[in-house]
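> have a look; sequence and predicted model below, questions after that.
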Amino acid sequence: NNTKIVAAKGAAERIVKICRLDDDDVRKVNIHIKELASKGYRVIGVASVLHTNGELPSAQDDFKWKFEGLLALYDPPKKNIEAVFKKLYKANINIKLITGDFHETAINIAEQAGMLGTLKFLTGEDVMRMKKIELQEAIKNVNIFARMFPEAKLKVIEALKANGEIVAMTGDGVNDAPALKAAHIGIAMGKKGTEMARESADLILTDDNLDKVVEAIRQGRTIFSNFKKAVRYIISIHIPIIFTAALPLLFGWKYPNIFTPIHIIFFEIIMGPTCSIFYEREPVEENIMQLKPRSRTQGLFSMNELHTSVIQGIVIATGALILYYVFMKQGHSLEEIRTVVFTTLVISNIFLTFVNRSFIENFTKTLHYKNNLVLPVLTLSVLFLVVIHFILPVRNIFGMTSITATDFFLCLGVAAVTVMWFEVYKTTLKKIRL
């Protein structure tokens, strides 16, 4: 009969405003809103109007809205969220809640979820009123942001980035899209997320489980840690190769060139798989999720890390060059010196591979790390050494000769001393830290 029923639902204060309630009714509604919000309910208002005229008003606020009441929706935190937050806090990752709900609702949910720092809050209007510098300072101590809208969410994300933070944001709604796009890592919900949120994000959680974020961080830190181990190993083992090839030539020793291209190629055959495959398979270290996130301006290595790797290489080079010099002074042949130095460096490489599995834990502990390439790498390296020493055609190709058991154990001892000192260093450093 030319009558249209028009319904509206939305933010409770917005619905109250368009219904033009008197002050007494507004006060009563607000009491209910706060009471429901403080119990953790998400509160929305509902209004309606019977429109009998033909043309609709030019603006939706021009309807003569009638206030119908409030809807309280209970959307409790997921069961595992408290455990997830604990893991994030242990990983030195701060958590902030940015929501369109009332601050009472946000605080209640945040406390249920085990969030820290829930006493202070800012609203979307507070955020928009603040100057950039003022907001950057305020967000350092505020973890709850309530009654937020797209522009306010975006401003908070930009302020966090301006503070030098690495910002990851999760979201599922259209209102989250700008902030998801602006964050360093936008994470959309795959199940209940809107299409716009998913398109704006960098990552999508297919099962909406935040625990996957923790696992992603753990795997990312593991990959980065193992990559650094591989690079530091490469730095350490190349220094003695360079020094033993270059210094005798510079000092004018009797045999200035003991290594030929075939020896260098052999070293690379051993070192290549070690750094690219062995360290890649290393398990995560126990303290990996207790480390502080790296600054975005920080380089790949700290100076201390580089110094340690360089010193490792120099010590190994020193041991090899001392053997080189002593055997040369004793009148040994080029083949004998080459065999001794080559053997020492190969054994040093084996020791270094296992010593550098951790720059914190000792060899005795890293032996228990589960890496299915430990035995193959060790076996292959020893097999290569045995073949070169005992298979005559191969030995001739490498221009080497047989050595006595005493000389072999001398090589073994020098390799052990020049590498294993780092185990003593790690033990001492750990005691100092404790």
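Looks like it came in fine.
> CA only for contacts and neighbour counts going forward, please
Will do.
> hmm, who's touching the longest strand belonging to the chain?
Longest strand of the chain, by residue count under DSSP state E: strand 41-51. When contacts are defined by CA atoms under 8 Å, 6 or more residues apart in numbering, strand 41-51 is touched by residues 3-16, 19, 33, 36-37, 63-75, 101-102, 105.
> can you tell me which of those are buried?
Neighbour-count burial (16 or more other CA atoms under 10 Å) is assigned, among the contacts of strand 41-51, to 9, 11-13, 15-16, 19, 33, 36-37, 63, 65-68, 70-71, 101-102, 105.
> quick one: contacts for residue 156?
Neighbouring residues of residue 156 by CA under 8 Å, 6+ apart: 127, 135, 139.
> quick one on the thing from earlier: which parts of the longest strand of the chain are buried?
Residues 41-49, 51 are the ones in strand 41-51 that count as buried (16+ other CA under 10 Å).
> quick one: list the elements packing against the longest helix seen in the chain.
Longest helix in the chain by number of residues (criterion: DSSP state H): helix 211-251. Here helix 211-251 touches helix 81-90, helix 303-329, helix 334-355, going by 3 or more CA pairs under 8 Å, 6 or more residues apart in numbering; DSSP states H and E.
> single out the most deeply packed of those helices.
Mean neighbour count (mean count of other CA atoms under 10 Å) peaks for helix 334-355 among these, with a mean of 22.
> now, the buried ones among the contacts of strand 41-51 that are in strands?
Among those, DSSP E puts 9, 11, 66-68, 70-71 in strands.
> kindly indicate which of the residues you listed lies nearest residue 301.
The closest of those to residue 301 turns out to be residue 11 (CA to CA; 50.1 Å).
> ok, the buried residues of strand 41-51 vs residue 262, which is closest?
Nearest member of the buried residues of strand 41-51 to residue 262, counting by CA to CA, is residue 42, at 72.6 Å.
> gap between the closest one and residue 325?
Going from residue 42 to residue 325 by CA to CA, to the nearest Å gives 80 Å.
> okay, the residue lying closest to residue 177 once chain neighbours are set aside: pLDDT?
Excluding its sequence neighbours, the residue lying closest to residue 177 (CA to CA, 6 or more residues apart in numbering) is residue 197, at 4.9 Å. Looking at residue 197, its pLDDT is 92.
> these two touch, right, residue 197 and residue 190?
No: using CA atoms under 8 Å, residue 197 is not in contact with residue 190, being 9.3 Å away.
> CSV for the ones in strands among the buried ones among the contacts of strand 41-51, including pLDDT and distance to residue 166?
Converted to CSV, these look like this (pLDDT from 0 to 100; distance: CA to CA, whole Å):
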residue, pLDDT, distance to residue 166
9, 93, 36
11, 87, 31
66, 95, 47
67, 96, 44
68, 96, 45
70, 95, 39
71, 95, 37
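> which one of these is nearest residue 173?
residue 11 (15.2 Å).
> next up, the contacts around the closest one.
Shown in contact with residue 11 (CA under 8 Å, 6+ apart): 43-45.
> if we use 6 Å, what do you get?
Residues in contact with residue 11 (CA atoms under 6 Å, 6 or more residues apart in numbering) are 44-45.
> how close does residue 88 sit to residue 290?
As judged by CA to CA, residue 88 and residue 290 stand 9 Å apart.
> ok, now residue 143?
21 Å.
> top of the contacts of residue 156 by neighbour count?
Within those, neighbour counts (other CA atoms under 10 Å) peak at residue 127, which reaches 22 neighbours.
> for that one, helix, strand, or coil?
helix (DSSP: H, G, I helix; E, B strand; the rest coil).
> near the nearest residue to residue 310 once chain neighbours are set aside, how many other residues are there?
Leaving aside its sequence neighbours, residue 310 sits nearest to residue 236 (CA to CA, 6+ apart; 5.7 Å). Residue 236 is flanked by 25 other residues according to other CA under 10 Å.
> ok, residue 236 touching residue 313?
Yes: the criterion here is CA atoms under 6 Å, and residue 236 meets it with residue 313 at 4.1 Å.
> buried residues in stretch 388-406?
Neighbour counts using 16+ other CA under 10 Å place 388-389, 395, 398-402 of stretch 388-406 among the buried residues.
> quick check: chain neighbours aside, which residue is closest to the residue nearest the centre of the chain?
The residue lying closest to the centre of the chain (CA atoms, centre = their mean) is residue 221, at 3.9 Å. Leaving aside its chain neighbours, residue 221 sits nearest to residue 288 (6.8 Å; criterion: CA to CA, 6+ apart).
> distance of the one you found relative to residue 220?
Using CA to CA, residue 288 is found at 10 Å from residue 220.
> for those two, indicate the residue with more neighbours.
Between residue 288 and residue 220, counting by other CA under 10 Å, residue 288 is the more crowded of the two (15 against 11).
> from residue 217, how far out is that one?
10 Å.
> same check, this time on residue 86
Taken as CA to CA, the span from residue 86 to residue 217 is 14 Å.
> do the same with residue 102
Per CA to CA, residue 102 is found 31 Å from residue 217.
> for residue 65, see how far away residue 181 is.
Applying CA to CA to residue 181 and residue 65 gives a distance of 36 Å.
> swap in residue 321?
92 Å.
> got it, and residue 278?
Going from residue 278 to residue 65 by CA to CA gives 70 Å.
> same question for residue 231.
In terms of CA to CA, residue 231 sits 69 Å off from residue 65.
> what of residue 326?
The gap separating residue 326 from residue 65 is 100 Å, by CA to CA.
> before we move on, what about residue 256?
Using CA to CA, residue 256 is found at 96 Å from residue 65.
> before we move on, what about residue 27?
Using CA to CA, residue 27 is found at 18 Å from residue 65.
> try residue 111
Using CA to CA, residue 111 is found at 36 Å from residue 65.
> sticking with residue 109, tell me its helix or strand.
In the assignment (DSSP states H and E), residue 109 maps to helix 103-112.
> again, but for residue 417
If you go by DSSP H and E, residue 417 is part of helix 405-433.
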